[in-house]
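Q: Okay, sequence plus prediction incoming.
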Amino acid sequence: MSVGTESTSTAVDVRILTRAELALHGVALDAPVRRPDGAGPSGDGHVLVDGANAALPTNPASPYRVRDGKVWLGDEDGQLTDTGLALTAVDRPRFYDLTTSDGTPYEHIARLHGADVLATTIVQTCVRYAESDRCRFCTIEESLRSGATVAAKTPAQLAEVAEAAVRMDGVKQMVMTTGTTTGPDRGARNLVRSVRAVLEAVPGLPVQVQCEPPGDLAWIRALHDAGATTIGIHVESLDQEVRRRWMPGKSTVPMAEYEAAWDEAVLVFGPNRVSTYLLVGLGEAPDELISGAGELIDRGVYPFVVPFRPMAGTLAARDGIPAPSAELLTYVTERVAAKLRAAGMSGADQKAGCAACGACGVLQSAGG
């Protein structure tokens, strides 16, 4: 399958294709829990599709509608067809009503993702956010500029919010990511302190940490020893030309550093406790992406395949770069899911993190 080709095999699973359509084009729904911008490649309304977490664009122009808890597809004549998928919006959590002693809303410290995942960006700035360096799909500092968060969350704040989210709203896991910092640890030091504080307040809460490969790989063991359950070291693409075009700052970190960090993380955390994002739609040849995902699986690294979506505020959206087609996303997702199943790897088995949540992609729907 060549670059840009979006034909698929004839054995397409219509249900997965519909999930891919929803992931890309969203649903006409006013979701109470939303993530409009921030670190990473997706920001949407949080819902449950067939009981599983899903982050979908809340798009009034979408042909998909929700009635009586079901997803319906409308045609040009206004006729609705039942897709067979059930959908319910995630309720606004009660901990959002609280503030810290210094008057900071809990929602500005950490947010609910899906029905039971607490997520935070502990440092909301990034040394790579100048336009010449910025990842073209990321809006990490836009949420700060809009007043939706604070620049840095203290370990004490995170512990306070995590305890309330677990006690009041049944949160079952936490994800901590960070903008890249100036130090050689690239943000790992702050993550270590934050994990320790949260687990002192909520012993046993599964936590994923996410950062670039630290300059000193000893930080990976420090993160594990602090109590992190899993780690995400996100490369987004394995194609160096795609990396230079889409992530000019991050692409200066050689692939060899990612490979060394993944291998060390698998050694420390164990197989299927390490993950990395792979974004569909950046221009990487689909079959090369699938092959690269297979190599990651062989390493014990879970390739979390997620569609690129041009979020408002990103350089990609400014330049009019479209999302991939649902057919392309389905093609890649089904084949990567098959490799994961063959290796006995499941995102849900990770207990914490993006792969465990699964909301931003379609892999769990495909059995991955």
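A: Alright, I've got the coordinates. Numbers count the residues shown, from 1 in each chain.

Q: neighbours of residue 80, just the number please.
A: 15 (other Cβ atoms under 10 Å). Every C-beta, even on glycine, is put in place using the N, C-alpha and C of the backbone.

Q: Please name the nearest non-neighbouring residue to it.
A: Distances taken as Cβ to Cβ, 6 or more residues apart in numbering put residue 72 closest to residue 80, at 4.1 Å, once the chain neighbours are dropped.

Q: ok, residue 210 to residue 290 distance?
A: Shown here: residue 210 relative to residue 290, a distance of 23 Å by Cβ to Cβ, to the nearest Å.

Q: tell me the mean pLDDT over stretch 227-246?
A: When pLDDT is averaged along stretch 227-246, the result is 98.

Q: in that stretch, what counts as buried?
A: 227-239, 242-243, 246 (16 or more other Cβ atoms under 10 Å).

Q: taking those residues one by one, which sit in helices?
A: Using DSSP state H to define helices, the subset of the buried residues of stretch 227-246 located there is 242-243, 246.

Q: Tabulate these in JSON lines, adding columns for distance to residue 115.
A: Shown next, in JSON lines, are those (distance: Cβ to Cβ, whole Å):
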{"residue": "242", "distance to residue 115": "33"}
{"residue": "243", "distance to residue 115": "34"}
{"residue": "246", "distance to residue 115": "31"}
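
Q: My assumption is that residue 332 lies in a helix; please confirm.
A: Yes: when DSSP: H, G, I helix; E, B strand; the rest coil is applied, residue 332 is found to be in a helix.

Q: Identify the residue nearest it in space, chain neighbours excluded?
A: The shortest distance from residue 332 to any non-neighbouring residue, by Cβ to Cβ, 6+ apart, is to residue 280 (5.1 Å).

Q: Same question for residue 232.
A: Setting aside the residues directly before and after it, residue 232 is nearest to residue 210 in space (Cβ to Cβ, 6+ apart), at 3.9 Å.

Q: can you check residue 326 too?
A: For residue 326, the spatially nearest residue (Cβ to Cβ, 6+ apart) is residue 20, at 4.1 Å.

Q: Helix or strand for that neighbour, just tell me which one.
A: Assigning secondary structure by DSSP states H and E places residue 20 in helix 14-25.

Q: Tell me how far that helix lies from the chain's centre.
A: In terms of Cα atoms, centre = their mean, to the nearest Å, the gap separating the centre of helix 14-25 from the centre of its chain is 17 Å.

Q: now the helix or strand that that helix is followed by against helix 14-25, angle please.
A: Counting by DSSP H and E, the next helix or strand C-terminal to helix 14-25 is strand 45-49. Using axes from the mean of the first three to the mean of the last three Cα atoms, to 10 degrees, the inter-axis angle of strand 45-49 relative to helix 14-25 is 170 degrees.

Q: now strand 45-49, how far from the centre of its chain.
A: Relative to the mean C-alpha coordinate of its chain, strand 45-49 is positioned 14 Å out (Cα atoms, centre = their mean).

Q: shift numbering so it begins at 43
A: Okay, using 43 as the starting number, the last item reads as strand 87-91.

Q: pLDDT of that strand, averaged?
A: Strand 87-91 comes out at a mean pLDDT of 91.

Q: and if you look at stretch 300-307?
A: Stretch 300-307 comes out with an average pLDDT of 98.

Q: Of all the residues in that stretch, which ones are buried?
A: Of the residues in stretch 300-307, those scored as buried under the neighbour-count criterion (16+ other Cβ under 10 Å) are 300-301, 303-307.

Q: Also stretch 60-73?
A: Across stretch 60-73, burial judged by 16+ other Cβ under 10 Å covers 60-69, 71, 73.

Q: Just name the closest of those to residue 365, please.
A: Here the nearest of the buried residues of stretch 60-73 to residue 365, counting by Cβ to Cβ, is residue 66; it sits at 5.0 Å.

Q: how about the closest residue to residue 334 other than its chain neighbours, what does it touch?
A: Closest residue to residue 334 in three dimensions, ignoring its sequence neighbours and counting by Cβ to Cβ, 6+ apart: residue 280, at 4.0 Å. Taking Cβ atoms under 8 Å, 6 or more residues apart in numbering as the criterion, residue 280 is in contact with 297, 320, 326, 330-331, 334.

Q: Quick check: beta-bridge partners of the residue nearest to residue 374?
A: residue 349 (DSSP bridges).

Q: gap between it and residue 406?
A: Distance of residue 322 to residue 406, computed by Cβ to Cβ: 15 Å.

Q: Could you do residue 197 as well?
A: As defined by Cβ to Cβ, residue 197 lies at a distance of 31 Å from residue 406.

Q: who has more neighbours, those two?
A: residue 406 (23 against 19).

Q: measure the more buried one to residue 119 for me?
A: Here the distance between residue 406 and residue 119 works out to 34 Å (Cβ to Cβ).

Q: do residue 327 as well
A: Here the distance between residue 327 and residue 119 works out to 39 Å (Cβ to Cβ).

Q: Those two: which has the busier surroundings?
A: Relative neighbour count places residue 327 above the other of residue 327 and residue 119, with 16 against 5, counting by other Cβ under 10 Å.

Q: just the buried members of the contacts of residue 280?
A: Listed as buried from the contacts of residue 280 are 320, 326, 330-331, 334; burial here means 16+ other Cβ under 10 Å.
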